[in-house]
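**Student:** When you get a sec, could you give me coordinates for this:
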Amino acid sequence: MIMRGDLGNPVANFDVVIRNGMIYDGSGSAPFRGDIAIKGDVISAMGSEVDKGAMEIDATGLAVSPGFINMLSWGVESLIEDGRGQSDLRQGVTLEVFGEGESMGPLSEEMKKELVKRQGDIKYEIRWTTLGEYLEYLVKRGVSPNVASFVGATTVRIHALGYADRSASAKELATMCELVRQAMEQGAVGLGSSLIYAPASYAPTEELIELAKVVARYDGMYISHIRSEGSRLLEALDELEHIVREAGVRAEVYHFKAAGKSNWDKLDAAIDKIEAARREGLHITADMYPYAGSETGLDAAMPRWVQEGGHDEWIKRLKDPSIRRRVEEEMSRPTDEWENMYLATGPEKMMLAAFKSEKLKPLAGKTLAEVAAMWGKSAPQTAMDLVVQDDSRIGTIYFSMSDANVRRIAGLPWVSLGSDAECMSPEGVFLKILPHPRAYGTFARFLGKYVRDEKAATLEDAIRRLTSLPAGNLKLKLRGMLKSGYYADIVVFDPARIRDHATFDKPSQYSTGVVHVLVNGIPTIKDGEHTNAKPGRVVRGPGWKGEN
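**Tutor:** Numbering: from 1, shown residues only. This next block holds a predicted model:
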């Protein structure tokens, strides 16, 4: 179909032509100047003298690259609230990948009730059961970026045996494997785990191997928030490597880091371990976000046994004085038995960020130490009181990493990017929490601060790591490169101007420097502003047999 675009071309052979840009095709090769012609949702031609387009975009002085892939997105609820996904889209992200341990399917009726009960500021009805149905629901509502998901190992475990701290029976494990199989055939890109959190932490390695074997049969990926990012980082990487070997699966480490000052010097050994496995032929990669602060909940500061049985049981136990004394003692004692984020950072470096209760929301931005001083209690007792009063895990930012380590990871050629955050905009319901700045700045910060300013990587290799590297890891068809016949997910940006503006104090600020973004051939960002177009689609993994 020929469209009449901005220039009013009376005759056009293409729908959109991007002219005179410096093309970074995603391969990591040197860029070249040229034009890109789009017809429908695919790239039709590339060269120096392509025919007219109904819409013409002048990219003189700008970089043109494949759209960026967010390997760890928590846009599962925020895209229901606002399908524009502006915090990421304005950075050039055209694909959001969900599923860090938990996924929006498969859900039992009990899990649906729990999901509704645990909702925070964003409210929605559960109109799906399977993971495939959720993704289709999201796209039917309208989203600007494309969406994909891992199936959560935590989700299938809860589906089969709830929140119990025990190994699955043979029957339960068979149920879990069947749920993973169904999800893979519905288009899941693989299996995701998050092993520091209950009930995921209750899963033995053997269980994960059996689930990963199912994924491997479909050429999917196993991706993991490994069992420790701190005191047992190296042992956790050994577990990941063991799963890779036993299941014959490709794998990735979520948000690769060494957390806790006493563990910062373990990063070199961790990198050596992964690179040795890669030299041996094992397919292990990682992703990162370029910040020295992480964000999770106060559950990561408490022993896992107190959380057995699910959220309500956790709250109930935290009201028992004798249990509270035991929890405080264990929170304050060094251990290798569980990942203790309280000791990894200390209450002075734990910033409270997201509450459900309107009464407690004013505490957002204060540290746990500050609130403890206000309330005249110890920091562990204050953490328990907060969880009980808010009836939530409470989003918390932990400043646990080294800036030097973040820069080192930013230069590794096998590391891609994941925001580990929602897709947001500085308006409405999103202003009720204090988000991590990574929601607004991950990709721009990587390209601006670490690539342009600090020269941690070349621009062409950085773009490869945002595009074809994750697309290849996920086995996505016809995405992640600028090539004829590939889907037209394209970002046009200024390498000299791209930068993040979000800070921990003022996080709700868009990044700048991205000029145009196209998703499936449709402009979604034009001259730096959202067009209100929502052409996003479900992008399915290698187990899917239908059309993508």
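
**Student:** can we go C-alpha only for contacts and neighbour counts from here?
**Tutor:** OK.

**Student:** which regions of the stretch 201-350 of the chain sit below the pLDDT cut-off?
**Tutor:** Across the stretch 201-350 of the chain, nothing is flagged by pLDDT under 70.

**Student:** where do the helices sit along it?
**Tutor:** 205-217, 233-247, 267-279, 311-317, 321-331, 341-345 (DSSP state H, counting those that start in this stretch).

**Student:** Highest mean neighbour count out of those?
**Tutor:** Counting by mean count of other Cα atoms under 10 Å, helix 341-345 has the highest mean neighbour count of the helices of the stretch 201-350 of the chain, with a mean of 23.

**Student:** and the very next helix or strand once past that helix, what other elements does it pack with?
**Tutor:** Sequence order places strand 350-354 as the next helix or strand after helix 341-345, per DSSP states H and E. In terms of contacts (3 or more Cα pairs under 8 Å, 6 or more residues apart in numbering; DSSP states H and E), strand 350-354 is packed against helix 368-375, strand 395-399.

**Student:** Any chance of those in JSON lines with distance to G152, mean pLDDT and mean neighbour count as columns?
**Tutor:** Shown next, in JSON lines, are those (distance: least, Cα to Cα, whole Å; pLDDT from 0 to 100; neighbours: other Cα atoms under 10 Å):
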{"stretch": "helix 368-375", "distance to G152": "30", "mean pLDDT": "98", "mean neighbour count": "17"}
{"stretch": "strand 395-399", "distance to G152": "20", "mean pLDDT": "97", "mean neighbour count": "25"}
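
**Student:** Where do the domain boundaries of the protein fall?
**Tutor:** Domain segmentation of the chain under automatic domain parsing yields 68-295+401-478, 302-398.

**Student:** so can I have a markdown table of those domains showing distance to P495?
**Tutor:** Formatted as a markdown table, the domains of the chain follow (distance: least, Cα to Cα, whole Å):
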| stretch | distance to P495 |
| --- | --- |
| domain 68-295+401-478 | 7 |
| domain 302-398 | 30 |
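
**Student:** Single out the most deeply packed of those.
**Tutor:** domain 68-295+401-478 (a mean of 21).

**Student:** which residue ends up closest to the midpoint of the chain in space?
**Tutor:** Closest residue to the average C-alpha location of the chain: L72 at 1.4 Å, with Cα atoms, centre = their mean.

**Student:** Where do the helices of the stretch 1-150 of the chain begin and end?
**Tutor:** So, for the stretch 1-150 of the chain - with DSSP H, counting those that start in this stretch - the helices run 75-81, 86-89, 109-117, 131-141.

**Student:** got TSV for those, with distance to H436 too?
**Tutor:** Output for the helices of the stretch 1-150 of the chain, formatted as TSV (distance: least, Cα to Cα, whole Å):
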stretch	distance to H436
helix 75-81	14
helix 86-89	12
helix 109-117	23
helix 131-141	24
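
**Student:** nearest to R479, of these?
**Tutor:** Across the helices of the stretch 1-150 of the chain, R479 has its closest neighbour in helix 86-89 (16.6 Å, Cα to Cα).

**Student:** what helices or strands is that closest one leaning on?
**Tutor:** When contacts are defined as 3+ Cα pairs under 8 Å, 6+ apart, helix 86-89 sits against helix 438-445.

**Student:** Distance to A183 for the helices of the stretch 201-350 of the chain - can I get that in TSV?
**Tutor:** Formatted as TSV, the helices of the stretch 201-350 of the chain follow (distance: least, Cα to Cα, whole Å):
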stretch	distance to A183
helix 205-217	10
helix 233-247	18
helix 267-279	28
helix 311-317	26
helix 321-331	37
helix 341-345	32
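
**Student:** re the thing from before, contacts only, for the closest residue to the residue nearest to the centre of the chain other than its chain neighbours.
**Tutor:** In this structure, L72 finds its nearest non-sequential neighbour in G418, 4.3 Å apart by Cα to Cα, 6 or more residues apart in numbering. By Cα atoms under 8 Å, 6 or more residues apart in numbering, the residues touching G418 are 69-73, 255, 287-289, 442.

**Student:** Quick check: the farthest pair among those residues?
**Tutor:** Distance extremes for those: the farthest pair is I69 and H255 at 14.4 Å, using Cα to Cα.

**Student:** quick one: the helices in the stretch 351-500 of the chain?
**Tutor:** So, for the stretch 351-500 of the chain - with DSSP H, counting those that start in this stretch - the helices run 368-375, 379-390, 403-410, 438-445, 459-466, 468-473.

**Student:** what's the closest of those helices to H530?
**Tutor:** H530 sits nearest to helix 438-445 of all those, at 14.9 Å, using Cα to Cα.

**Student:** Now do the closest one: everything it contacts.
**Tutor:** Applying Cα under 8 Å, 6+ apart, the contact partners of helix 438-445 are 87-88, 91-92, 289-291, 417-424, 498-502, 507-512.

**Student:** Out of those residues, list just those in strands.
**Tutor:** Among the contacts of helix 438-445, the members falling in strands (DSSP state E) are L417.

**Student:** and the residue lying closest to K534 once chain neighbours are set aside, what does it touch?
**Tutor:** Closest residue to K534 apart from its sequence neighbours, by Cα to Cα, 6+ apart: S144 at 3.8 Å. S144 makes contacts with 83-85, 89, 94, 519, 524, 532-536, as judged by Cα under 8 Å, 6+ apart.

**Student:** do D165 as well
**Tutor:** For D165, the contact set (Cα under 8 Å, 6+ apart) comprises 199, 202, 305, 308-309.

**Student:** so the residue nearest to the centre of the chain touches L95, yeah?
**Tutor:** No. Taking contacts as Cα atoms under 8 Å, L72 lies outside contact range of L95: 10.2 Å.

**Student:** Distance from stretch 521-530 to the middle of the chain?
**Tutor:** Centroid separation between stretch 521-530 and its chain, computed with Cα atoms, centre = their mean, to the nearest Å, is 23 Å.

**Student:** What mean pLDDT does it get?
**Tutor:** In this model, stretch 521-530 has a mean pLDDT of 98.

**Student:** Likewise for stretch 97-113?
**Tutor:** Stretch 97-113 comes out at a mean pLDDT of 98.

**Student:** quick thing: my sequence starts at 450, can you match it?
**Tutor:** Okay, using 450 as the starting number, the last item reads as stretch 546-562.

**Student:** Start and end of that stretch, how far apart?
**Tutor:** 25 Å (Cα to Cα, to the nearest Å).

**Student:** With stretch 639-647 instead?
**Tutor:** Terminal residues of stretch 639-647 are spaced 21 Å apart (Cα to Cα).

**Student:** mind checking how far it is from the chain centre?
**Tutor:** On the basis of Cα atoms, centre = their mean, stretch 639-647 sits 13 Å off its chain's mean C-alpha point.

**Student:** residues in contact with that stretch?
**Tutor:** 548-551, 598-603, 612, 629, 633, 649-650, 652, 660-661, 664, 669-677, 748-749, 753, 756-757, 787-788, 923, 990.

**Student:** Identify those among those that sit within strands.
**Tutor:** Going by DSSP E, the strands hold 598, 600-601, 670-674 from those.

**Student:** and R727, how far is that from I939?
**Tutor:** 30 Å.

**Student:** brain fart, A741
**Tutor:** For A741 relative to I939 (Cα to Cα), the value is 29 Å.

**Student:** which residues does D839 contact?
**Tutor:** Each residue near D839 by Cα under 8 Å, 6+ apart is listed here: 804-806, 809.

**Student:** any idea which strand is longest in the chain?
**Tutor:** strand 463-472.

**Student:** In this structure M520 contacts E545, no?
**Tutor:** Yes. If you go by Cα under 8 Å, M520 and E545 touch, sitting 6.9 Å apart.

**Student:** who touches the nearest residue to N595 once chain neighbours are set aside in this structure?
**Tutor:** Of all residues not flanking N595 in the chain, G985 sits nearest, at 4.1 Å (Cα to Cα, 6+ apart). G985 sits next to 588, 591-596, 968-969 when contact means Cα under 8 Å, 6+ apart.
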